[in-house]
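Enquirer: Just need the structure, nothing else, for what follows:
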Amino acid sequence: MTTRLQVDHATIGYGDRSVIQDLDISVTDGSFTVIIGPNACGKSTLLRSMARLLKPTAGIVSLDGRNLEDMSSRAIARILGLLPQSAIAPDGIRVRDLVARGRFPHRGFLARNTPHDLEVIDQALEATGTTDLAYRLVDELSGGQRQRVWIAMVLAQETDLLLLDEPTTFLDIAHQIAVLNLCSKLHRGGSTVVAVLHDLNHACRYASHIVAMRDGRIVARGAPKDIIDADLVRDVFDLPAMVIDDPVTGTPLVIPTAT
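Expert: Numbering: from 1, shown residues only. This is a model prediction of the structure:
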């Protein structure tokens, strides 16, 4: 399998504080990789480094075989789409205009939309089920609707590599499943997806590959069936649990046993 994103011996942090030290990870083409772990273990820090929002103090992050530091921001945005943890829309912007911003890496900030741009924007709205919201103000939308609109903007970049930092945070269960089903649909369509998730059962159900982190290091990696068991849950989350087969999907289902 071809490697899309590669992190080699990376040390990453904020100022003088290192969160991750000497970490290696590969993201293969066509995978749905979910990064899990307790709060402050380095999940989002790792994802931010993959998008060149954080520069490693040591080691290299490469995209399709090229060092991210040697690539322009526009070149990266043509290949990689990022949904950050706390995306903020400009005041008074309508959904379609926000989604259209995904075309900037291809045509520049001030250029007019071409017929192809308009077609891509329509496709992104349709793929995320937000066509009927196109002329609504983003400020008026529910959390779940806004999250789908942000994903539409990422899709409008026409990238097949998506980084999603906690895309289901603050959403109710129905909207969480709607967003994850959309991510799964994109993955089945050929996109490579990397997401940070807090819900372990969601990770097991949707991921093709899981990376489990603790204290800035990778504890385990592999297919959910291969790595998720009671020992791993205890070691990573300090949580006594039993792991059974999900009766719907057959994937691991984590049931806490602590009272």
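
Enquirer: Who are the packing partners of the one helix or strand Arg4 maps to?
Expert: Per DSSP states H and E: Arg4 is located in strand 3-14. Of the remaining helices and strands, those touching strand 3-14 by 3 or more C-beta pairs under 8 Å, 6 or more residues apart in numbering; DSSP states H and E are strand 17-28, helix 43-50, strand 58-63. The C-beta positions use only the backbone N, C-alpha and C, and glycine is treated the same way.

Enquirer: Deepest in the core, which of these is it.
Expert: helix 43-50 (a mean of 23; mean count of other C-beta atoms under 10 Å).

Enquirer: And the strands in the protein?
Expert: 3-14, 17-28, 32-36, 58-63, 66-67, 80-83, 161-165, 192-196, 209-214, 217-222, 241-245, 252-256 (DSSP state E).

Enquirer: Okay, buried residues for the last one please.
Expert: Read it as strand 252-256. In terms of neighbour count (16 or more other C-beta atoms under 10 Å), strand 252-256 has its buried residues at Pro252, Leu253, Val254.

Enquirer: what does the first one give?
Expert: Neighbour-count burial for strand 3-14, with 16+ other C-beta under 10 Å as criterion, is recorded at Arg4, Leu5, Gln6, Val7, Asp8, Ala10, Thr11, Ile12, Gly13.

Enquirer: quick one: which of these is nearest Lys55?
Expert: Ile12 (8.1 Å; C-beta to C-beta).

Enquirer: Isn't the closest one up against Thr57?
Expert: Yes. Counting by C-beta atoms under 8 Å, Ile12 touches Thr57, with 7.1 Å between them.

Enquirer: What helices and strands are in contact with the lowest-mean-pLDDT helix or strand in the chain?
Expert: One helix or strand of the chain scores below all others by mean pLDDT, DSSP states H and E: helix 104-107, with a mean of 86. Counting contacts by 3+ C-beta pairs under 8 Å, 6+ apart, helix 104-107 is packed against helix 73-77.

Enquirer: what's next to the helix it packs on, contact-wise?
Expert: Ala51, Arg52, Leu63, Leu68, Phe104, Pro105, Gln157, Thr159 (C-beta atoms under 8 Å, 6 or more residues apart in numbering).

Enquirer: ok, the closest residue to Arg101 other than its chain neighbours - how many residues close by?
Expert: Take Arg101 and drop its neighbours on the chain: the residue closest to it by C-beta to C-beta, 6 or more residues apart in numbering is Met153, 5.9 Å away. As a burial measure, Met153 scores 25 neighbours (other C-beta atoms under 10 Å).
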